[in-house]
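sequence first, predicted model second:
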Amino acid sequence: MNDYDIAIIGGGLVGASLAVALAESPLRVVLVEAAAPPASSPLWDERCIALNDASQRIFDSYGVWEALRDDAAPIVATHISERGRFGTARFAASEAGLPALGYNVPLRAIGAALSARMQGLKNLTLLEPARLSALKPGADAVELTIESGGATRTLSARLVAAADGARSAVRDLLGIAAERRDYAQHAIVSAVRLSRPHQGVAYERFTPEGPIALIPKPDQAASLVWTLPDEQVEARLALSDAEYLALAQDCFGGRLGRFTELGRRWSHPLARVLSRSLTAPRTVFIGNAAQSLHPVAAQGFNLGLRDVAALAAGIAEAADPGTEATLAAYAERREQDRGRVSDFTDLMVRAFSNRVPFLAQARHWGLVAVELAPPLRNAVLRQHLGHLGLPRATSSAAAEISPAAKVPSPLGGEG
Ligand SMILES: Cc1cc2nc3c(=O)[nH]c(=O)nc-3n(C[C@H](O)[C@H](O)[C@H](O)COP(=O)(O)OP(=O)(O)OC[C@H]3O[C@@H](n4cnc5c(N)ncnc54)[C@H](O)[C@@H]3O)c2cc1C
């Protein structure tokens, strides 16, 4: 008899989402998280993450969306442009007959909602803070060594779900390689207050230095994600708030009026890390442990949540969730979505970080084509919404994109 059917290593957004996804299943689940739960309270400049329509639906089906609704700022349209060029691509929720393309939600609120949902789940044991230090796959189960508060214990599980982030310890312990592409860029994330209402419009503006994104937050504020070459980051962080705001305003322009206040700044080095394999004996990699992406298209967690949805659907009723056949079926289901999203994100980073003149022309016409060519537009919109990678059960509930739908758009016209 094994201690657990599934051991989730890592209780970040993805690991915690998997625990919640398995709430109704008969599987015995243990979640091992190295860090103690953070205590944080709402702040106007807290970190947010953009969830697309598919993620909203997945969270809704797990019973956590209600707890997020009040904190979630709807994104009703997006506007993509390049500094110094006329080409733009615009998408509005109205095109898809949806109230929003997605929602910008504080990480604190998502963490709290998942944590509240996990409390009291009869099939879940939470070990935190506790760290996985060794594991040994066997024919019927994996033996795991866990360190917690100076004590060591071992436990066994039929399946290990590695949700332990881009530097996955599980990957290292099993000797699974990852393909790493360093972009030599950092993202500086902060919040800004705006002199004009944003009307729910998210902006992505490509500049010669790197993309700058403004994503709506409640209270006439926005998340500002500024991607810069490594060598510029230190100097940018050293600027006063007023200097930083003036520079951001100059790059972004006056679409949203003036930037009137800047929140705290965080910086993150940017790389793409792809695990060479999505599975190993009795082990599966999900979220950033499987693929960590550049944030330019705000896809990382959205993709990880679709990993969760596919895995939970594939194992919820399984007598043994760790068999080779179950894992092979999971990997097959996820390869396409993962490949498409990581390639698309990488293409965007490389195409828009390049100053070669003919590429500038290609970018311009690329944006024009996305704006004007209905089939291309539809494909990009479906990707944006996350519908292309939804497991069948959830996608049948996803609205068909209907150009005929009429919901007023803040971009003017119908979109
Ligand atoms: C600047 C920026 C902006 C972003 N914006 C967006 C966005 O708008 N939309 C979007 O979809 N995505 C976005 N992302 C991506 C998103 O943040 C990540 O994809 C997501 O947070 C990954 O979650 P995860 O749970 O897989 O990994 P992590 O958050 O890295 O969690 C891994 C967990 O595993 C634990 N752990 C590690 N080792 C062990 C061990 N040995 N034992 C036990 N526990 C362990 C860690 O403590 C951690 O809690 C952004 C990323 C960046 C950098």
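Sure thing, it's come through.

only C-alpha atoms from now on, for both contacts and neighbour counts.
Noted.

what residues does the stretch 151-300 of the chain put near the ligand?
Applying C-alpha under 6 Å from any ligand atom, we find that the stretch 151-300 of the chain lies next to the ligand at 163-166, 169, 187, 189, 268, 287-289, 295, 298-300.

what is the end-to-end distance of stretch 119-133?
Chord length of stretch 119-133, first to last residue, is 25 Å (C-alpha to C-alpha, to the nearest Å).

also stretch 72-85?
End-to-end for stretch 72-85, by C-alpha to C-alpha: 32 Å.

repeat that for stretch 250-260.
For stretch 250-260, the end-to-end distance is 13 Å (C-alpha to C-alpha).

what do you get for stretch 10-27?
In stretch 10-27, first residue to last residue: 18 Å (C-alpha to C-alpha).

list the buried residues in that stretch.
10-23, 25, 27 (16 or more other C-alpha atoms under 10 Å).

run through who's touching it.
Stretch 10-27 is contacted from outside by 4-6, 8-9, 29, 31-34, 62, 110-111, 114-115, 117-118, 121, 123-124, 162-165, 286-287, 301, 304-305, 308-309, 312, 316-317, using C-alpha atoms under 8 Å, 6 or more residues apart in numbering.

out of the residues of the stretch 151-300 of the chain next to the ligand, which end up buried?
Buried among these (16+ other C-alpha under 10 Å): 163-166, 169, 187, 189, 287-289, 295, 298-300.

from the residues of the stretch 151-300 of the chain next to the ligand, which land in helices?
169, 300 (DSSP state H).

among the residues of the stretch 151-300 of the chain next to the ligand, which lie within strands?
Cross-referencing these against strands under DSSP state E gives 187, 189, 268.

now render the residues you listed as TSV, adding distance to residue 157 and pLDDT.
Shown next, in TSV, are these (distance: C-alpha to C-alpha, whole Å; pLDDT from 0 to 100):
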residue	distance to residue 157	pLDDT
187	38	95
189	38	97
268	34	96
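
circling back: and the two most separated of the residues of the stretch 151-300 of the chain next to the ligand?
Greatest spatial distance in these: 169 and 189, 26.6 Å, computed using C-alpha to C-alpha.

which residues in the stretch 201-350 of the chain form strands?
201-207, 210-217, 221-229, 259-262, 266-275, 279-280, 283-285, 291-292 (DSSP state E, counting those that start in this stretch).

and residue 240, which of these is closest to it?
Of the strands of the stretch 201-350 of the chain, nearest to residue 240 by C-alpha to C-alpha is strand 259-262, at 9.8 Å.

can you pull out the residues in contact with the closest one?
Taking C-alpha under 8 Å, 6+ apart as the rule, strand 259-262 contacts 190-195, 241-242, 245, 249.
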